[in-house]
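>>> sequence? don't have it. structure:
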């Protein structure tokens, strides 16, 4: 994210962070001109933590759970956020 020039025009950011979450890149998204974020996550704890930080700047529009690994209890969450 830090190498992208996200300040030139409206942008859709697609992020799929590791289990540790966005960490320092959260501020890059907040400072960017991204008007929407699609956040893919396999770890609910880091997703919740990142959403709490992004919440004043982006509102939750939709969440879809994806069962990529049938017959397991692992799901991917696809979250659509829109800038406030």
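Right, received. Where do you want to start? No experiment lies behind these values; they were computed from the predicted model shown. Numbering: from 1, shown residues only.

>>> where does the chain dip in pLDDT?
Along the chain, the parts satisfying pLDDT under 70 run over 1-9.

>>> Grab the longest helix from it for me.
Secondary structure of the chain per DSSP state H: the longest helix is helix 44-54.

>>> Tell me where the protein has helices.
Using DSSP H, helices in the chain cover 25-31, 44-54.

>>> Same list (those) but as TSV, adding distance to residue 78 and mean neighbour count.
(C-beta placed from N, C-alpha, C; glycine too.) Output for the helices of the chain, formatted as TSV (distance: least, C-beta to C-beta, whole Å; neighbours: other C-beta atoms under 10 Å):
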stretch	distance to residue 78	mean neighbour count
helix 25-31	16	16
helix 44-54	10	15
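
>>> looking at those, which is closest to residue 12?
Nearest to residue 12 among these is helix 25-31 (11.5 Å), distances taken as C-beta to C-beta.

>>> now the closest one, how far from the chain's geometric center?
On the basis of C-alpha atoms, centre = their mean, to the nearest Å, helix 25-31 is displaced by 11 Å from the centre of the chain it belongs to.

>>> ok, now stretch 28-44?
Centroid separation for stretch 28-44 versus its chain: 3 Å, with C-alpha atoms, centre = their mean.

>>> now what about that stretch, what contacts it?
Residues external to stretch 28-44 that are found in contact with it (C-beta atoms under 8 Å, 6 or more residues apart in numbering): 1-2, 4, 6-17, 19, 21-22, 47, 50-51, 53-54, 57-58, 61, 74-83.
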